[in-house]
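Chemist: Fold the following and give me the result.
(4 chains)
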2 protein chains.
Amino acid sequence: MARRDTPQQRSIRDAIESAGRPLSVREIHELALEASPTLGICTVYRVLRRLLDDQLVTTVQLPGQADRYEATSLAAEQHHHFRCEECDRVFNIEALPSGPGSMLPPGFTLVGHEISLWGRCSECATPECATR
Amino acid sequence: MARRDTPQQRSIRDAIESAGRPLSVREIHELALEASPTLGICTVYRVLRRLLDDQLVTTVQLPGQADRYEATSLAAEQHHHFRCEECDRVFNIEALPSGPGSMLPPGFTLVGHEISLWGRCSECATPECATR
DNA sequence: CTAGTTGCAAAGCATTTGCCTGTGG
DNA sequence: CCACAGGCAAATGCTTTGCAACTAG
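Modeler: The predicted structure is shown next:
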């Protein structure tokens, strides 16, 4: 149960913490390889799971996209996510109530947006309908 | 190139058109199996692709979720998507500018929402940076 | 020491493709 | 007829797991 500190984990944590934006597993792997050249992708997945368990890292899920991960400290600030269709990078965008895209950084072009909601539907909100 | 009309395709189209909400591949397969008991899942994928090519069906992508599909006629109306965490079904929610969740059907409980943006970042907006 | 960690290879899972049989028009 | 479709099984791509070797503490 006790967590052990290894160079591989340090490489992965460093990659996530120094990025300043949510990273995909591939991006994390590529960045961490510079410091730990033998690092396997499966170790990235395993370390990510531990970091998620320990709440040090937060999952960023976008429509139709593989999960990204960012340091929980960064995730604490209220923001939206902007994905560049060209380079596939995801950026954090300051959240403003004045509608989507109102606070894009200079030079960014908005193509589309999606508002996704989740919770319980009326059938499942009542206890006796717990059976899907 | 010419499209042929087969019972399998009719079953799949019927399932999508009569649902009134976006369906997952699994849901489409299960519904269409009632009318075409030998229908294979790979045929569902192939027919879906054809329907997407012909713009008869639209993809609905939600964060961290497998793609759903709905009739393009339904998709034309401006709406958001609500996924029930219990039964995993996705519903269409009338879009209103007055903030997320303002137009939930009676009995629905909102747990969270996410606003996703996409387009071009400043680096990729300029032609010479087309290389990711 | 020794339990947690790593790296490889194999297993899962969802989706796609190859290939041969079936069939709509 | 025969080109498009369907069904099976194999391939793919991403993520997870089994297992033996390794190592932090």
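Chemist: Pull out the buried positions in the helix or strand of chain A with the lowest mean pLDDT.
Modeler: Lowest on mean pLDDT, DSSP states H and E among the helices and strands of chain A sits helix A:122-125, with a mean of 87. Neighbour-count burial for helix A:122-125 flags A:Cys124 (criterion: 16 or more other C-beta atoms under 10 Å in any protein chain shown). C-beta coordinates here come from the backbone N, C-alpha and C atoms, glycine included.
Chemist: Kindly report the same for stretch A:3-20.
Modeler: A:8-9, A:11-13, A:15-16, A:19.
Chemist: re earlier: output the least confident helix or strand of chain A in PDB, but only the C-alpha positions, please.
Modeler: What follows is helix A:122-125, C-alpha atoms only, in PDB (Å, rounded to 0.1, in the frame of the first residue of the first chain):
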ATOM      1  CA  SER A 122     -36.500  10.900 -13.900                       C
ATOM      2  CA  GLU A 123     -36.800   7.100 -14.100                       C
ATOM      3  CA  CYS A 124     -33.500   6.500 -12.300                       C
ATOM      4  CA  ALA A 125     -33.900   9.300  -9.700                       C
END
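Chemist: if we can go back for a sec, tell me which two in the buried residues of stretch A:3-20 are the farthest apart.
Modeler: A:Gln8 and A:Ala19 (17.2 Å; C-beta to C-beta).
Chemist: quick revisit: looking at the buried residues of stretch A:3-20, which is nearest DNA strand C?
Modeler: A:Gln8 (3.5 Å; C-beta to the nearest atom of the strand).
Chemist: So for the longest strand seen in chain A, mean pLDDT?
Modeler: Assignment by DSSP state E gives strand A:109-120 as the longest strand of chain A. What strand A:109-120 shows for mean pLDDT is 89.
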